[in-house]
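Novice: Need a 3D model of the sequence below.
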Amino acid sequence: TPYDNAYCALIPRDPTSFEVDGLVNINSNAGYVKTTGVDFNLQYGINANFGFANESKFTFRLSGTYLISWENNPIAVVPALLYDCAGLFGATCGDPYSTWRGSLRATWATGPLTASVLWRYIGSADDDGTAGTVAVAHLGSASYFDLSGSWNVSENFSFLLGIDNLFNKQPPLIGDANNQQANTFPSTYDPYGRRFFIGASATF
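Specialist: Residues are numbered from 1 along each chain as shown. Predicted structure coming up:
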């Protein structure tokens, strides 16, 4: 390695065989992660003139994050190792750190009925360039849409149902070692496709 710092002295080597001799194992804060960005949340409600009750309302909620920087330095005393992963993914950055992420939910509530649609958005990202030639150097933005509804049958009983990933959006495939697992990033994208759920609750 071209870097020489105080941590190297903790790994002494035999002058003849050059094997590690007397490794000093201590705890230290060797590196750091520093991120800056803007989180925002906006909500607006408006009365509706139709529904199953006198009170009917639309509610809109927009939440998101604008990532300005995501700095990663595994060894703080070596500034050359500092890497800003904002908008990138890959061998050094790992999961995509999209510049923009957010969600928009629209909800209609009227009497015992509540219905909503959710738009989940993940912005694009580029390969960080630290793994050489890769099969996928750019990941486009991804949008997922979810539907859900609930009905209060009585004061003591209600049920709900919904669909996640309504349009069966598939995760991007990355056919090289530059991925997390299953040829993609399942912690970022939806690997399951369209799915349905139903539930009920009762109180006694």
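
Novice: how many other residues sit next to residue 203?
Specialist: Look at residue 203: counted by other C-beta atoms under 10 Å, it has 8 neighbours. The C-beta positions use only the backbone N, C-alpha and C, and glycine is treated the same way.

Novice: got the phi/psi numbers for it?
Specialist: phi -120, psi 150 (degrees, to the nearest 10).

Novice: Could I get the contacting residues of it?
Specialist: 155-157 (C-beta atoms under 8 Å, 6 or more residues apart in numbering).

Novice: Figure out the length between the terminal residues of stretch 131-146.
Specialist: By C-alpha to C-alpha, to the nearest Å, the extent of stretch 131-146 from end to end equals 35 Å.

Novice: Hmm, residue 7 is touching residue 25, no?
Specialist: No. With contact defined as C-beta atoms under 8 Å, residue 7 does not reach residue 25; the gap is 11.8 Å.

Novice: so what sits against both of those two?
Specialist: Common neighbours of residue 7 and residue 25 (C-beta under 8 Å, 6+ apart) do not exist.

Novice: Which one's more surrounded, these two?
Specialist: Legend: neighbour count by other C-beta under 10 Å for residue 7 and residue 25, higher for residue 7 (15 against 6).

Novice: what secondary structure does that one sit in?
Specialist: Classification of residue 7 using DSSP: H, G, I helix; E, B strand; the rest coil returns helix.

Novice: separation between the most centrally placed residue in the chain and residue 22?
Specialist: For the chain, the residue nearest the mean C-alpha position is residue 188 (4.5 Å; C-alpha atoms, centre = their mean). Separation of residue 188 from residue 22 (C-beta to C-beta, to the nearest Å): 43 Å.

Novice: what does residue 35 give?
Specialist: With C-beta to C-beta as the criterion, residue 35 and residue 22 are 38 Å apart.

Novice: List just the nearest of the contacts of residue 203 to residue 129.
Specialist: Nearest to residue 129 among those: residue 157, at 56.9 Å, using C-beta to C-beta.
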